[in-house]
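Chemist: Test case, fold it:
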Amino acid sequence: MGHLDHATFGWLTPVLSYAMACIGAALGLRCTVRALGATGRSRRNWLLTAASAIGTGIWTMHFVAMLGFSVSGTEMRYNVPLTIVSLLVAMVVVGAGVFAVGYGRDRGRALAVGGLTTGLGVASMHYLGMAALRLHGDVHYDPALVGLSVVIAVVAATAALWAALNIKSPVAVAVASLVMGGAVSSMHYTGMIAVNVRVSPSGEALPGATAMQFIFPLAVGLGSYLFLTSAFVALSPTTGEREASASAQRPVESIAR
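Modeler: Okay, the predicted model is just below:
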């Protein structure tokens, strides 16, 4: 049985991964709030941005945390195509949940469907990402802890979408994102505690890329995307601000005529 270390670099990877989860959640919730106040193409675009932000934040959180994961007695590699698929799954499934909330007429039903879909998307991303892991040995899971991690993901997603539907102020959204970030991190580490690895020492080269060759550069790129998109959303006017600006311009135009 290989010894599993979930924090090879100490608190660095848990703290960074939590920060990425919070940033993705904050951006996604803010975009969802913007979407609910918009119509037509603008609503769709805000929801697409929300889905990409939440999906990217969750994926980046998972793999930043995985940078600190090691198993004694074996090297580790990642299957590149499957790792990318896990990112796409996160975005698509989370997108389905966000769109259910964004376009649902019955708020209660939309929240239930959106929370379940988004939560399953979070869990699917996590376990697809784990399926991409290559090492000398066999990976087994504790079914009870796996089930608990999925429940945490669904509850966290539902709570986050409820916040998007009911909380409008930036401060409240920030607090909700901190809670969601904690829940997503809890889901990740619950899923990791469920892991057991039986190492089979071998001199054969493992297929795939190391975390530093592939995961780290991609995580940095996606993290940069989150920061830049957050700046764009923060600087873009809200629907209320645009309406206020338009109302202020009307009297000026009337006087000019």
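Chemist: CA atoms for contacts and neighbours, from now on please.
Modeler: Noted.
Chemist: Residue 13 against residue 5, yeah?
Modeler: No - using Cα atoms under 8 Å, residue 13 makes no contact with residue 5, being 12.0 Å away.
Chemist: got the phi/psi numbers for the nearest residue to residue 82 once chain neighbours are set aside?
Modeler: In space, not counting the residues next to it along the chain, residue 82 is nearest to residue 132; the distance is 5.6 Å by Cα to Cα, 6 or more residues apart in numbering. In terms of degrees, to the nearest 10, the main-chain angles of residue 132 are phi -80, psi -10.
Chemist: Quick check: the gap between residue 132 and residue 55.
Modeler: Look at residue 132 and residue 55: by Cα to Cα, to the nearest Å, they are 18 Å apart.
Chemist: same question, residue 231
Modeler: Residue 231 is 18 Å from residue 55, by Cα to Cα.
Chemist: do residue 222 as well
Modeler: For residue 222, the distance to residue 55 - Cα to Cα - is 10 Å.
Chemist: More neighbours: which of these two?
Modeler: Taking neighbours as other Cα atoms under 10 Å, residue 222 and residue 55 compare with residue 55 leading, 30 against 18.
Chemist: Just to check, the more buried one is in contact with residue 86?
Modeler: No - Residue 55 is beyond contact range of residue 86, at 9.7 Å (criterion: Cα under 8 Å).
Chemist: so where is the protein shaky, pLDDT-wise?
Modeler: 1-2, 168, 234-257 (pLDDT under 70).
Chemist: all helices of it, in order?
Modeler: Per DSSP state H, the chain carries helices over the ranges 12-36, 40-66, 80-103, 107-131, 143-166, 170-193, 216-235, 239-256.
Chemist: Out of these, flag the one nearest residue 206.
Modeler: helix 80-103 (12.7 Å; Cα to Cα).
Chemist: chain center to that closest one: distance?
Modeler: 9 Å (Cα atoms, centre = their mean, to the nearest Å).
Chemist: what's the answer for stretch 34-49, then?
Modeler: 19 Å.
Chemist: try stretch 59-74
Modeler: 16 Å.
Chemist: List the contacts of it.
Modeler: 2-10, 13-14, 16-21, 76, 86-87, 90, 125-126, 135-137, 185, 188, 197, 199, 201, 211-212, 215-216, 219, 222-223 (Cα atoms under 8 Å, 6 or more residues apart in numbering).
Chemist: Show the end-to-end separation of that stretch, please.
Modeler: First residue to last in stretch 59-74 (Cα to Cα) measures 24 Å.
Chemist: buried sites along it?
Modeler: 59-71, 73-74 (16 or more other Cα atoms under 10 Å).
Chemist: again, but for stretch 3-13
Modeler: By neighbour count on 16+ other Cα under 10 Å, the buried set for stretch 3-13 is 4, 6, 7, 8, 13.
Chemist: Out of those residues, name the ones that lie in strands.
Modeler: Counting by DSSP state E, the buried residues of stretch 3-13 place residue 4 in strands.
Chemist: and of the buried residues of stretch 3-13, the nearest to residue 32?
Modeler: residue 13 (28.2 Å).
Chemist: contacting residues for that closest one?
Modeler: Going by Cα under 8 Å, 6+ apart, the list of residues near residue 13 reads 7, 64, 65, 66, 67, 68.
Chemist: Mind picking the two most distant members of those?
Modeler: Of all pairs in the contacts of residue 13, the most separated under Cα to Cα is 7 and 64 at 10.8 Å.
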